[in-house]
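J.: Model the following, please.
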Amino acid sequence: MTTALSHIFKSSTAQAFRGLTNILEKAKAHAEATETTDEAYMSNRLFPDMNDMKWQVQMITEFAVRGAARMSGVATDDLPNLPMEGDTFDALIARIAECAETVAGADDAVIDGNDSLQISMPIGPDQTMDIDGQSYVLSFFLPNLFFHVTTAYNLLRMQGVAVGKKDYMGM
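T.: Here you go, the predicted structure:
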């Protein structure tokens with residue numbers, strides 16, 4: 001039995017977004033209970049040269065929407081570009097919901113038919129990586145998705161937000 005690439009892409013993204021929403025909702029409640037501003041959580045970093053918690057959420061949501069577009073055959077010049085907005089937990093939670101809807105709406109048949117589509121994407125200044133659709137989803141998209149959700153989880157956990165594995169897993 002084979003599993004459709006669209007199923008892997010969409011179900012993994014949906015689960016990651018459920019987990020991300022769970023931990024943000026708990027962080028919001030924690031901020032309210034401790035009378036701490038959302039910004040105190042949003043600007044937190046694991047290390048000075050790493051991006052902050054707000055960026056982790058903004059980036060991974062844009063990455064998911066752009067990934068769905070790539071796997072749907074959208075030309076590089078036409079990929080969606082979401083503004084890096086959202087300074088509150090409510091704004092980030094709304095952003096996740098909007099992006100989850102966009103990913104869910106991607107055409108399964110097109111994604112499944114693009115498993116060998118050659119994708120050329122930027123990976124740094126003046127650098128690109130060429131990869132086929134299946135490798136993109138399994139070896140590039142999924143690790144990045146969970147890396148950034150895990151980083152957001154760790155940043156919130158480090159600040160005392162009582163989140164656990166079930167929250168992260170989207171349960």
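J.: If you count neighbours, what's buried in the host helix or strand of Tyr41?
T.: Per DSSP states H and E, Tyr41 falls inside helix 38-42. For helix 38-42, burial by neighbour count (16 or more other Cβ atoms under 10 Å) applies to Asp38, Tyr41, Met42. For the C-beta atoms, the positions are set from N, CA and C on the backbone; glycine is no exception.
J.: what is the mean pLDDT for the helix or strand hosting Glu98?
T.: Using DSSP H and E, Glu98 maps to helix 89-104. Here helix 89-104 scores 96 as its mean pLDDT.
J.: Quick one: residues in contact with it.
T.: Under the criterion Cβ atoms under 8 Å, 6 or more residues apart in numbering, residues 9-10, 13-14, 17, 20-21, 24-25, 27-28, 31, 38, 41, 54, 57-58, 61-62, 64-65, 67-68, 80, 82, 85-86 lie in contact with helix 89-104.
J.: which residues are contacting the helix or strand just after it?
T.: Downstream of helix 89-104, the next assigned helix or strand under DSSP H and E is helix 108-113. If you take Cβ under 8 Å, 6+ apart as the criterion, helix 108-113 is touched by Ala4, Leu5, Ser6, His7, Phe9, Lys10, Ala68, Met71, Ser72, Gly73, Gly133.
J.: Buried residues of the helix or strand following helix 108-113, list them for me.
T.: The helix or strand immediately downstream of helix 108-113 is strand 118-124, counting by DSSP H and E. For strand 118-124, a neighbour-count test (16+ other Cβ under 10 Å) marks Ile119, Met121 as buried.
J.: List the buried residues of the helix or strand that comes right after strand 118-124.
T.: Following strand 118-124 in sequence order, the next helix or strand is strand 127-132 (DSSP H and E). Buried residues in strand 127-132, counted by 16+ other Cβ under 10 Å: Ile131.
J.: any idea how far the helix or strand that comes right after strand 127-132 is from the chain center?
T.: Moving toward the C-terminus from strand 127-132, the next helix or strand (DSSP H and E) is helix 133-135. How far helix 133-135 lies from its chain's middle: 18 Å, per Cα atoms, centre = their mean, to the nearest Å.
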